[in-house]
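S.K.: What follows is a predicted structure for the sequence shown.
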Amino acid sequence: MEAMVTSLLLIVLLANLAFGPKPAAARGGDRSLLTSTLSGSNLKRVWHTKASVGQSLFGNVTSNRKKDLELGYHYMSNSELERAMKKFGSKCGKISKLYSIGKSVRGIPLWVLEISDKPGQEEPEPAFKATLIVENVHLHLLPSMNPDGYALSQRGNANKIDLNRDFPDQFFSQNNDENLRQPETKAIMNWTKDKRFTASASLHGGALVANYPWDGTSDGREKYSKCPDDETFRYMAAIYSHHHYNMSKSNEFSGGITNGAQWYPLYGGMQDWNYIHGGCFDLTLEISDTKWPPAKEIPLLWEHNRMSMLQLVASLVKSGLHGKVISSYLGQPLPATIQIGGINHTVKAGHLFGDFHRMLSPGRNYEVTASLSGYSSRSTHILLQNEKASYVDFILDPADQKVISKSGWGIFFQRKYLRSSVDGEILFHPSELTILLFLIIVVSVFLYVILRWRVRSKIPRQRQRW
C-alpha cells in the first residue's frame, strides 16, 4: 500500500513542477512583478513590464527541455498526464476515482484523482488529502489548475491572466467582479465549496519555504499579517518544513516557514480565499529554489518532499478536533457552526452526516461551541494533546420546549432534554429517564386493558332458562 501511495504522489509532484500554477499556484514569480500602493482607501496594483518578466521567468525552459531530452528526461505533457491518471485509476479502481471539475479556456479538462477506501462516496472523514490515509481521509489530487499556461510556456492562462491573482480578496475589492473571473478559477471555487475540504496544499517552485496566511495586508505594506488561526497555520507549516530534507535549515526563512505578507504581499490569491470562504486550511509550499528545475532533478525533489507530504496529510487524522452534531429530536444530522473560543473563525458541520473536522494546534485547552439557528447551543472544553486527535459529539435540542411530531399513531409531545457526548462519554438529563418510564407505564396499561377485553370477549355467555 505504501508503494502505491508513493507512486501516486510522485505523479502529482511531477505534474505540479511541470504545470506551474496549480490549486494555489505559485505565489507569484518575481517580487518585482507587483507593487502595492495606497490610493485613498483602495489598494492599487501596478504591474511592471509584464511581457519581459514572463520571458525571464520561462526564458530557460526551452534550453532545459533540450538538455533533458538529450539525457532521456522530460516533463509530462497534458495528454501524457491524463493517460497516466487514467492508468492509475484503472489499476487501483477500488481506492481511486478520476473526475473533472471543469475545463480551461482552451477546453482542457481539470482532472482530479480522489484516493479513499470509498472513492466517490461522502463519508464523515476529513477531506484532504499507508493505509492510515486511504482509510481515514478523502485525498483529492489536482495536478494542474492551469494546463493552458503550461502548454503555452507562460505563467498566465490562455487569456494571459495569472490565476493566483484572480480570486476574490478581502483587501482588494476590485477582484470581486464575477464577470471577470476566469473559468479555471470558477471551477476551483465551486469545487472547494462543494467538497468542504478540511485542508489543502499547493506545490510550486521559486523558493524553499512553507507559506501560510495572510498573503495580503490592509495597507499594502510588507509586514506580518496574522489571520485568526495563525498559531494553527504555523503548526501545520512546521510539520511540512521539519520533515523536509533541508527546508527547516533555511537561512532566509526562520524554521523554513513564512507568513505570506511578511515575505511579500499579494492579492487575489487562492490561499486566503480558501480559508475565508471555503473553511479550508491552505498552505502554499515552495519546494524548489529553481522556478523550472531540470526534469532529471525531479526524483531527488520527490525524495526531499515525500515524508513532508505524508506527514502533513496524516496530521489531519492524528491531530485536530473531530466530531458530529445531531438533533435530540429524531437524531437527524445538523449543519451546525463550530466556534472555538478566542478564535474569530468558524467551520461548518456537513449536511449529510453532521460531521466536522477542525484543525487546531496541540498543547492547549480550547472551548468548543456548536450552534445552529432554532437550536440551543452547547459548549464544552477539551485539552488537545500532541499527536492525538480529540473527538467531541454534540446533541442539540430544539430551542422550543415542545416538539410536535405527527405520526400514524397520533400526535405526541416530546419534552426538552439535554445530551452531550465528549470523547465517547454520554451524559443524560434526568428528565429523559422520567419520560421513558412514564411512556413504558402508559403503554403497559394500554396493552393490559386490550388483552383483558379480548380474553373476556371469547368466554361464551351461559343461557338463562325461564
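M.R.: Received it, and whenever you're ready, just let me know what you need. Quantities reported herein were computed from a predicted structural model and do not represent experimental measurements. Residues are numbered from 1 along each chain as shown.
S.K.: Within the helices and strands, which one has the residue lying closest to Leu383 once chain neighbours are set aside?
M.R.: Nearest residue to Leu383, sequence neighbours excluded (Cβ to Cβ, 6 or more residues apart in numbering): Asn365, at 5.3 Å. The way it works is simple: take the backbone N, C-alpha and C, and place the C-beta from them, glycine included. Taking DSSP states H and E as the definition, Asn365 sits inside strand 364-371.
S.K.: now for that strand, which elements pack on it?
M.R.: strand 321-327, strand 337-340, strand 378-384, strand 390-396 (3 or more Cβ pairs under 8 Å, 6 or more residues apart in numbering; DSSP states H and E).
S.K.: could you redo the last one with a cut-off of 7 Å?
M.R.: Packing contacts for strand 364-371, counted by 3 or more Cβ pairs under 7 Å, 6 or more residues apart in numbering; DSSP states H and E, involve strand 337-340, strand 378-384, strand 390-396.
S.K.: picking up where we left off before, distance of the residue nearest to Leu383 from Leu334?
M.R.: Here the criterion is Cβ to Cβ, to the nearest Å. By it, Asn365 lies 25 Å from Leu334.
S.K.: go on, Lys318?
M.R.: 27 Å.
S.K.: neighbour-wise, which of those two wins?
M.R.: Per other Cβ atoms under 10 Å, whichever of Lys318 and Leu334 has more neighbours is Leu334, with 21 against 16.
S.K.: show me the contacts for that one.
M.R.: Residues in contact with Leu334 (Cβ atoms under 7 Å, 6 or more residues apart in numbering) are 325-327, 349, 354, 372, 375, 396.
S.K.: Identify, from those residues, the entry nearest to Ser225.
M.R.: Nearest to Ser225, judged by Cβ to Cβ, of the contacts of Leu334 is Ala349 at 28.9 Å.
S.K.: Ramachandran angles for that closest one?
M.R.: Note on Ala349: its backbone torsions stand at phi -80, psi 150 [degrees, to the nearest 10].
S.K.: Can you tell me the element Pro299 falls in?
M.R.: Residue-wise, Pro299 maps onto helix 298-318 under DSSP H and E.
S.K.: Any regions of the stretch 51-200 of the chain where pLDDT drops low?
M.R.: 51-72, 124-131 (pLDDT under 70).
S.K.: What ranges does it have for its strands?
M.R.: For the stretch 51-200 of the chain, the strands defined by DSSP state E, counting those that start in this stretch occupy 96-103, 109-115, 127-128, 138-141, 199-205.
S.K.: Same list (those) but as JSON lines, adding distance to Ser444 and mean neighbour count.
M.R.: As requested, those are exported to JSON lines (distance: least, Cβ to Cβ, whole Å; neighbours: other Cβ atoms under 10 Å):
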{"stretch": "strand 96-103", "distance to Ser444": "53", "mean neighbour count": "17"}
{"stretch": "strand 109-115", "distance to Ser444": "53", "mean neighbour count": "21"}
{"stretch": "strand 127-128", "distance to Ser444": "49", "mean neighbour count": "23"}
{"stretch": "strand 138-141", "distance to Ser444": "48", "mean neighbour count": "23"}
{"stretch": "strand 199-205", "distance to Ser444": "53", "mean neighbour count": "23"}
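S.K.: Dump the ones you listed into TSV; add distance to Ala84 as well.
M.R.: Below are those laid out as TSV (distance: least, Cβ to Cβ, whole Å):
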stretch	distance to Ala84
strand 96-103	11
strand 109-115	10
strand 127-128	22
strand 138-141	12
strand 199-205	17
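S.K.: His345: which of the ones you listed is closest?
M.R.: For His345, the closest of those is strand 199-205, at 13.6 Å, according to Cβ to Cβ.
S.K.: What is the closest one packed up against?
M.R.: Looks like strand 199-205 contacts helix 2-19, strand 281-288 (3+ Cβ pairs under 7 Å, 6+ apart).
S.K.: Least reliable of these by average pLDDT, please.
M.R.: Averaged per stretch, pLDDT over the helices and strands packed on strand 199-205 is lowest on helix 2-19, reaching a mean of 32.
S.K.: Pick the most buried one from the helices and strands packed on strand 364-371.
M.R.: Across the helices and strands packed on strand 364-371, averaging neighbours per residue (mean count of other Cβ atoms under 10 Å) puts strand 390-396 on top, at a mean of 22.
S.K.: That one: partners in the sheet, and parallel or antiparallel?
M.R.: strand 321-327 (parallel), strand 419-422 (antiparallel) (DSSP bridges).
S.K.: Surely His304 is in contact with Tyr245?
M.R.: Yes. With contact defined as Cβ atoms under 7 Å, His304 reaches Tyr245; the gap is 3.8 Å.
S.K.: how's the chain carved up into domains?
M.R.: 2-318, 321-431 (automatic domain parsing).
S.K.: So which of these is the most surrounded?
M.R.: Per-stretch averages of neighbours, counted by mean count of other Cβ under 10 Å, single out domain 2-318 among these, with a mean of 19.
S.K.: Tell me the secondary structure of Leu352, please.
M.R.: Per DSSP: H, G, I helix; E, B strand; the rest coil, the local secondary structure of Leu352 is coil.
S.K.: which one is it nearest to, not counting chain neighbours?
M.R.: In this structure, Leu352 finds its nearest non-sequential neighbour in Glu122, 5.5 Å apart by Cβ to Cβ, 6+ apart.
S.K.: wait, the one you found sits on Asp355?
M.R.: No. Contact criterion Cβ under 7 Å: Glu122 and Asp355 do not qualify, at 9.4 Å.
S.K.: Where among the strands paired with strand 390-396 is average confidence lowest?
M.R.: When I compare those, strand 419-422 is least confident, with a mean of 39.
S.K.: I'd like the distance between Ser144 and Thr337.
M.R.: Going from Ser144 to Thr337 by Cβ to Cβ gives 34 Å.
S.K.: let me redo that: Asp166
M.R.: For Asp166, the distance to Thr337 - Cβ to Cβ - is 29 Å.
S.K.: Ok, Trp263 next?
M.R.: For Trp263 relative to Thr337 (Cβ to Cβ), the value is 32 Å.
S.K.: can you check Gly205 too?
M.R.: Counting by Cβ to Cβ, the gap from Gly205 to Thr337 is 38 Å.
S.K.: Isn't Thr380 up against Tyr366?
M.R.: No. Thr380 is not in contact with Tyr366 according to Cβ under 7 Å; the separation is 9.4 Å.
S.K.: gap between Gly374 and Leu334?
M.R.: Distance from Gly374 to Leu334, by Cβ to Cβ: 9 Å.
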